[in-house]
Every structure is written in C-alpha cells, then in structure tokens.
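K.L.:
here is my input, please return the structure:
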Amino acid sequence: GDVRSVLNDVVIGRGVSPSLCKLACSVDEQPVALFQSDGLIISTPSGSTAYSLSAGGTMMAPSISCTLLTPIAPHSLSSRPVAIHGESCIEVTVPNTARSPAFVSFDGRDPMYELPVGETLTIQPCPLPLPLLTYHGFDHEWFQSLTTKLGWNTRVEQKPLHSSNNKSSSSSSSSKKSKIISSSSSSKSKSKQQQHNNTTNKDKNKKLILSERPSHPRAGSVGSSGSSWKRTG
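P.N.:
Numbers count the residues shown, from 1 in each chain. I've put the predicted structure just below:
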C-alpha cells in the first residue's frame, strides 16, 4: 500500500457521509476501543496543539515521546483522549459493520484518501527522526509559543484578600479624606465668621453716620422749637 510521512497528525473522518464514522483501534496488536464519532485524530506532540487541541485533546510537550489519540465529537460520554507510547504501532480498521467508508488526511496537505470498509490503516513511528534546531531548551520555545499564540493560562491576577499594602493605602486614603473634610469645615466656619464681621462693620458704620449728622434744624422749619411750615400756593 501507500506510505506517507507525517509530522503533526493523521485525521480519519467520515468525510461527506452523514453517518457516524465507526473505527476499530488497536495498539501493538491489542484491541483498544471501537470509536463511533465524527473521526479520530492520531497526533504527535508537535501536532497536539493543532486539530487535536480544538477537539479537546491535551497539549503534549515536544520532549515527550508519545502519540495522542483524540476522538472527534464522539457519540459517548465516556470517550476521552488518551496518550500512548511514541514507539507503539497503531492500527485503525473500518469494520464491516460500518455504514460508510472513512477518509484520511495526512497533515492536512494532500487530498483526503478513502479508506474503504474492511481496510486497515497502520501508523508507526519513523525510524529516522526529524532533527530540529532551537535557541534555548527543547521545551522553552514551546511554552513561550503557547502563551504568545494561544494565550495559554492568561488571566487577570486575583487580588489578595488581606495585605499590609492595602491596609496602609486604606489608612492613608482615610486620613486624606479626614483632612479634606476638616479643611472644608474650617473654610466654612471662616466664611461664616467673615460674614458676621461684615454685618457688624456695616452696623457700626450706620451708627457712625447717624451720630455724625449736624444738629441744625431741617430745611423748612422755623425757630428752635422745630415747628414745621408748609408752603402754600
């Protein structure tokens, strides 16, 4: 049969068929599960952050030698992703009881390959590993890319319940408030005192004006008796 080289993942799905994709999976010639779902993703650690992650699979560091089996929309509450040893040989068969064939995609590059009913797809590790060059440790850039590209574990940091800084800041703010209140009250009292002083000064000025008026009789009066007269026409 055909031999393909894969770096990230192999996706076995139902394609255009409306029926469930029934896949019998075995690991090292040992039957593991009968997946009834939209498909199955077999991914390497480098491919665990791609389609497998979107389907609910876990993220595997590149330094781990493993293979991840992630079902796509399984029709079962107990079907979960599982990680197996990277040197294991995986066989996926479309059983004779399946309603339709399956379709296979290799790293999402080539056109989908049809896997007819009764045929088996074998996935095994390559004897020649792919060498990679990194500036830092093997997993350092991987963790960094999780944060920058996927926003992994990014959240607003929770505030502490009690701390000395909060107490000191609260006490300083309360003292500032008390100072502001006291200054405002003192300014109000000063303004009231100034108004009172202004009114008293006005009263003193009125009394002073009245006391300084001349003692001569008003115009129109005769003699010192102060009897008034009226002008007639």
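
K.L.:
neighbours around residue 1, how many?
P.N.:
For residue 1, the neighbour count with other Cβ atoms under 10 Å is 7. Heads up, the C-betas are built off the backbone N, CA and C, glycines and all.

K.L.:
what do you get for residue 23?
P.N.:
24.

K.L.:
so it touches residue 101, yeah?
P.N.:
No. Judged on Cβ atoms under 8 Å, residue 23 makes no contact with residue 101 at a distance of 11.1 Å.

K.L.:
what sits in contact with each of the two?
P.N.:
The contact sets of residue 23 and residue 101 overlap at residue 94 (Cβ atoms under 8 Å, 6 or more residues apart in numbering).

K.L.:
show me where the chain dips below the pLDDT cut-off.
P.N.:
163-233 (pLDDT under 70).

K.L.:
apply 80 and report the result again.
P.N.:
Counting by pLDDT under 80, the ranges of the chain that qualify are 1, 110-111, 129-130, 132-138, 163-233.

K.L.:
in it, which spans are strands?
P.N.:
For the chain, the strands defined by DSSP state E cover 9-13, 21-27, 30-37, 39-43, 66-72, 82-85, 90-93, 102-106, 113-115, 120-123, 221-222, 227-228.

K.L.:
in CSV: those strands, plus distance to residue 3.
P.N.:
Below are the strands of the chain laid out as CSV (distance: least, Cβ to Cβ, whole Å):
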stretch, distance to residue 3
strand 9-13, 13
strand 21-27, 20
strand 30-37, 23
strand 39-43, 16
strand 66-72, 18
strand 82-85, 21
strand 90-93, 15
strand 102-106, 11
strand 113-115, 12
strand 120-123, 10
strand 221-222, 139
strand 227-228, 139
